[in-house]
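Colleague: Sequence first, then the predicted structure, then my questions.
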Amino acid sequence: MALKGQLVIHTVAKTSFATVQAGFYVIIVFMDLFQELNDAQKQAVLHKDGPLLVLAGAGAGKTKAIAYRVAHLVSQGVEPERILAITFTNKAAEEMKQRINKLLLATDYLPAGKAGSRLTTPFVSTFHSLCAYILRKSGRSIEVIKNFTILDKEDSLSVIKNAMKDLNLDPRQFQPNKMQVIISRYKGDLITNKDFSNFIEDGFFPHTLQKIWDKYEEQLKKQNALDFDDLVLKTVLLLKKDEKVRDYYQNFWQYILIDEYQDTNKSQYEFSKILGDKHKNICAIGDIDQAIYGWRGADFRNIINFEKDFPNHVSIIFEENYRSTQNILEAAAKVIEKNKMRKPKKLLATKEKGAEISLFEAMNEEEEAEFVTHKIKDLLSSKVEPSLKVQPCEIAVLYRANFQSRIIEEACLKHGIPHQVLGVQFYERKEIKDILAYIRASLNPQNLIDIKRIINVPLRGIGKTTILNYFANKELPAEAKKKIKIFLNLLDEIREEIKKSKPSDVIRFILKETGYQEHLESGGSDDLERLENIKELATIASRYDEFNPPEGTEKMITDISLLSDQDSYNKKQKAVRLMTVHSAKGLEFENVFVVGLEQGLFPHAGFGDDRHDKDEEERRLFYVALTRAKEKVFLSFSVSRTIFGARQLNMPSQFLSDIPDHLLKMEEYENPPAGGEEIVEYL
């Protein structure tokens, strides 16, 4: 009650008599919204001074609570610009900023027209944007010049390749991709190249890595550039080294809120700790059960470390769920309770029991895709009750690995279901376009677009100048001529393979003979996933194996080209979302399909990932998938699935046995007779 009175008095004091009536109306609206908060949310909002840890379950309204907490701090006399809110994605930061500004404007704390100004509003940012801001403003003491360039992953890799070239290192022996992954992980752990030299182990590889890393940093400095990991790393180094700079930011931001705290890595954790060390007014919001980024360095144990670093903290648990039905939450709870590394909590449903969770056992991935699209059509059509009919944008199909999108995309195209793939569509992915470019270039040597694309992919030592001179028909040095000749001979070999082999064998031939497979196998998790995508392309190609060479390969290329044309659609149009579970983090949908629930796929085999908690992270990932749904969940698995052109038998995912039988409903599906499907208007 005290909050309401302070808000009214403060607002009226700032408002002229002529506008009090209008201002009071807005205040009443805000007060009604505040009354909608539950007790735990109110406790977090009303907490002012001292460290605060909020353990917020899925769908528990944490973003709403953060916005109201900021509004309350301002109502208590805290200047808005003294408040810092940090999250991980630009989308999340923008949503948080809009909510906060809307509340501040509604309560007349923020002058009209000033929304978004850092002088009058809280600083809402991602970790990396915030660190770039600090480095540009204050980084000179650690020799970071204000106008530095931030390199993306590809640019960074290019610099590593140049560094290795200067060192006369064979990229086949020391893969640049692998060097990049290792250096990135060390930087995330707050280890610089100079630190690495202090505890380097004996051996050829560690000492070679040291040379590459030193040369890489030398070239970054020469170009006045920072890579993505440098932003947080160098900001931490700056705050530790420069007492004046550290005091300035510690004093300037008196209240700090950090969302998705379980996703912080060591450098982000240390950065947060330093910023909040003086005033101790740091609020960390997170959920161990939704920690799904360990593979990229995130450590959910930072939440536990928060309790140790701030022993006098207040801890609040958000358990009321406003998103999902009771059945969905019970299933999610039964799944996640198997994890040992977590803080126990219950998700309390505010909705009714809801529908049972559907489970479908498919004979193969094609039948699984048909089942999914059949159910989507039911949801979109008049076959269901009017109250249950949904829009396409209220449906999501989630999968563990990107390559799974292909079969779902094709089924959606076949049935005319509007859809959007979050991320890059299967046939638009770089690795897929590269392999297809090899085929097209070998079939048509005059196709300069595809030749330019793959003439130096993977690396063959054919430089840009050589490529430009080659296409300009200029005279080339002998060594350059030799490399170009080797490439052209490779295209000839592919052409001969197309003439005599099945399409699926052609894909395997290209993957091996071009060096593409070796290139991807030596990289990080992203590269290994790209290799999976190419294997999925081989599976697609096997559909054309029944045709005699070269007809099969030629038909495949033609069909894929037409499919790509048909796949172009208006992104502004309402559409079913297809995405990985990782991409779905933070989103919610009325209806969610989770496909490919098979051992080795979900949970994923892990590509040799030896992290001790990878099994529990897979379980957390499934928990995230379930809790994206508001009303209905459809689960499916395939008894057999074709991987790399070879069909294999699968066991159902272990996660399915964690869900109590009374929550599941087995689904049956029969393919409708050809030509007998009803045409449905979805939009």
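Modeller: Perfect, I can see it now.

Colleague: where does the stretch 51-200 of the chain dip in pLDDT?
Modeller: 107-119 (pLDDT under 70).

Colleague: Check the chain too.
Modeller: For the chain, the stretches flagged by pLDDT under 70 are 1-34, 107-119, 382-388, 423-425, 562-573, 606-612, 671-683.

Colleague: which one's the longest strand in it?
Modeller: Using DSSP state E to define each element, the chain has its longest strand at strand 629-638.

Colleague: Which strand or helix spans I66?
Modeller: helix 62-75 (DSSP states H and E).

Colleague: So for the longest strand of the chain, could I get the coordinates as CSV, restricted to C-alpha?
Modeller: Provided in CSV are the C-alpha atoms of strand 629-638 (Å, rounded to 0.1, in the frame of the first residue of the first chain):
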residue,chain,number,x,y,z
ALA,A,629,3.4,-24.3,-24.8
LYS,A,630,0.4,-22.5,-23.4
GLU,A,631,-2.4,-25.0,-24.2
LYS,A,632,-1.3,-28.1,-26.1
VAL,A,633,1.9,-30.2,-26.6
PHE,A,634,2.4,-32.8,-29.4
LEU,A,635,5.4,-35.1,-29.0
SER,A,636,6.6,-37.5,-31.7
PHE,A,637,9.4,-39.9,-32.5
SER,A,638,10.3,-42.1,-35.4
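
Colleague: Next SSE downstream of that strand?
Modeller: Next along the chain after strand 629-638, taking DSSP H and E as the criterion, comes strand 640-643.

Colleague: Against which helices or strands is that following strand packed?
Modeller: helix 525-541, strand 646-649 (3 or more Cβ pairs under 8 Å, 6 or more residues apart in numbering; DSSP states H and E). Any C-beta I mention is one placed from the backbone N, CA and C, and that applies to glycine too.

Colleague: E618 is nearest to which of the ones you listed?
Modeller: helix 525-541 (13.7 Å; Cβ to Cβ).

Colleague: which other residues reach the closest one?
Modeller: Residues from elsewhere that reach helix 525-541, judged by Cβ atoms under 8 Å, 6 or more residues apart in numbering: 177, 295, 401-403, 406, 426, 429-432, 435-436, 502-504, 506-508, 511, 516-517, 519-521, 552-553, 556, 560, 607, 609, 642-645.

Colleague: What segments of the stretch 251-400 of the chain are helices?
Modeller: In the stretch 251-400 of the chain, helices defined by DSSP state H, counting those that start in this stretch lie at 266-275, 302-309, 326-336, 365-380, listed in chain order.

Colleague: want to throw the ones you listed into JSON lines with mean neighbour count and distance to I498?
Modeller: Conversion of the helices of the stretch 251-400 of the chain to JSON lines gives the following (neighbours: other Cβ atoms under 10 Å; distance: least, Cβ to Cβ, whole Å):
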{"stretch": "helix 266-275", "mean neighbour count": "22", "distance to I498": "49"}
{"stretch": "helix 302-309", "mean neighbour count": "17", "distance to I498": "53"}
{"stretch": "helix 326-336", "mean neighbour count": "23", "distance to I498": "47"}
{"stretch": "helix 365-380", "mean neighbour count": "21", "distance to I498": "26"}
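
Colleague: Next, format those as TSV and append distance to E667.
Modeller: Formatted as TSV, these follow (distance: least, Cβ to Cβ, whole Å):
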stretch	distance to E667
helix 266-275	43
helix 302-309	38
helix 326-336	15
helix 365-380	7
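
Colleague: what about the strands in the stretch 301-450 of the chain?
Modeller: Ranges of strands in the stretch 301-450 of the chain, per DSSP state E, counting those that start in this stretch, are 314-318, 320-321, 348-349, 357-362, 395-399, 419-421.

Colleague: most neighbours per residue, which of those strands?
Modeller: Of the strands of the stretch 301-450 of the chain, the one with the most neighbours on average (mean count of other Cβ atoms under 10 Å) is strand 395-399, at a mean of 26.

Colleague: Run through the neighbouring helices and strands of the longest helix along the chain.
Modeller: Of all segments of type helix in the chain, defined using DSSP state H, the longest is helix 478-500. On a contact count with 3+ Cβ pairs under 8 Å, 6+ apart, helix 478-500 meets helix 430-443, helix 464-471, helix 503-513.

Colleague: circling back: point out the one among the strands of the stretch 301-450 of the chain that comes closest to K278.
Modeller: Nearest to K278, of all the strands of the stretch 301-450 of the chain, is strand 314-318, at 18.5 Å by Cβ to Cβ.

Colleague: Could you spell out the sheet neighbours of that closest one, each with its direction?
Modeller: Strand 314-318 sits in its sheet next to strand 52-56 (parallel), going by DSSP bridges.

Colleague: what sits up against the partner strand?
Modeller: 44, 62, 65, 282-288, 303, 306-307, 310, 313-318, 343, 345.

Colleague: Please give me every residue in contact with D242.
Modeller: 138, 141-142.
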